[in-house]
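Undergrad: dropping a prediction and its sequence here:
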Amino acid sequence: DVKVTQSSRYLVKRTGEKVFLECVQDMDHENMFWYRQDPGLGLRLIYFSYDVKMKEKGDIPEGYSVSREKKERFSLILESASTNQTSMYLCASSLGPPGREQYFGPGTRLTVT
Amino acid sequence: EDQVTQSPEALRLQEGESSSLNCSYTVSGLRGLFWYRQDPGKGPEFLFTLYSAGEEKEKERLKATLTKKESFLHITAPKPEDSATYLCAVRMNQAGTALIFGKGTTLSVSS
């Protein structure tokens, strides 16, 4: 079974803090994704990566950056957390060929106060 | 504008009362339509992938079908444990590996 794990289920941070969200997958998937999910807005893509050290902006990259130094690990960084970044953050991975299904982690509920 | 629209937003069923959820898309060059189930506070769980009109996939009480402009998720004789939010996502020809998600249908099944 594909397993995608995220470093924290719940996180509370203060405005202005630098926040790191970690995601690890154990199925040797080439592609990894970061989404945020908000009520009424659905899932929105922040960034994705199709290879080590490669990244592409999604629909809402502002205020975020990412890092992929190893194939199995994809990190989302909030450089200076703001209250409007309070959300559920979901990591996903998929095999290389386009059109393959994505497998999601359990999510991190981030609250910025 | 919405490229993926799911309806209804919410659906309440009695146990055993079959129904269908709809996912319509307004994009051309579909390269895959995906159904997910999401329980509260958890990540989406992959259910099905459909690639071409006329294709059908089944899993237990769920059956997904695809036409040129929409997909249906049919739920036959649902049980309370089928209660969840069901998400639809599409991959378009020009979208690379990214998926576009609908906002979901929240299904509640009561006994």
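TA: In hand now; what should we look at?

Undergrad: could you use CA atoms for every contact and neighbour count after this?
TA: Fine.

Undergrad: OK, contacts around the residue nearest to residue A:19 when sequence neighbours are not counted?
TA: Leaving aside its sequence neighbours, residue A:19 sits nearest to residue A:78 (Cα to Cα, 6 or more residues apart in numbering or on different chains; 5.0 Å). Counting by Cα atoms under 8 Å, 6 or more residues apart in numbering or on different chains, residue A:78 touches A:18-20, A:63-65.

Undergrad: so the residue nearest the centre of chain A bridges to which residues?
TA: In chain A, the centroid-proximal residue (Cα atoms, centre = their mean) is residue A:34; its distance is 2.8 Å. In this entry, residue A:34 is beta-bridged to residue A:47, residue A:91, by DSSP bridges.

Undergrad: hmm, it is touching residue A:77, no?
TA: No. Applying Cα atoms under 8 Å, one finds residue A:34 not in contact with residue A:77, separated by 10.6 Å.

Undergrad: in chain A, where is pLDDT below threshold?
TA: For chain A, the stretches flagged by pLDDT under 70 are A:1-2, A:98-99.

Undergrad: name the residues of it found near chain B, please.
TA: Proximity of chain A to chain B is confined to A:31, A:40-44, A:48, A:90, A:97-107 under the rule Cα under 8 Å from any Cα of the partner chain.

Undergrad: just to be sure, which of those residues are found in strands?
TA: Per DSSP state E, strands hold the following members of the residues of chain A next to chain B: A:31, A:42-44, A:48, A:90, A:103-104.

Undergrad: where do the strands sit along chain B?
TA: Counting by DSSP E, the strands of chain B are B:4-7, B:10-14, B:19-25, B:30-38, B:45-50, B:56-59, B:62-66, B:70-75, B:84-92, B:100-101, B:105-110.

Undergrad: what pairs with the helix or strand of chain B with the lowest mean pLDDT, and is each one parallel or antiparallel?
TA: The weakest-scoring helix or strand in chain B, judged by mean pLDDT, DSSP states H and E, is strand B:100-101 (a mean of 89). Using DSSP bridges, strand B:100-101 pairs in its sheet with strand B:84-92 (antiparallel).

Undergrad: for residue B:82, see how far away the residue lying closest to residue B:13 once chain neighbours are set aside is.
TA: In space, and not counting its chain neighbours, residue B:13 is closest to residue B:109: 4.8 Å by Cα to Cα, 6+ apart. Distance, residue B:109 to residue B:82, using Cα to Cα, to the nearest Å: 7 Å.
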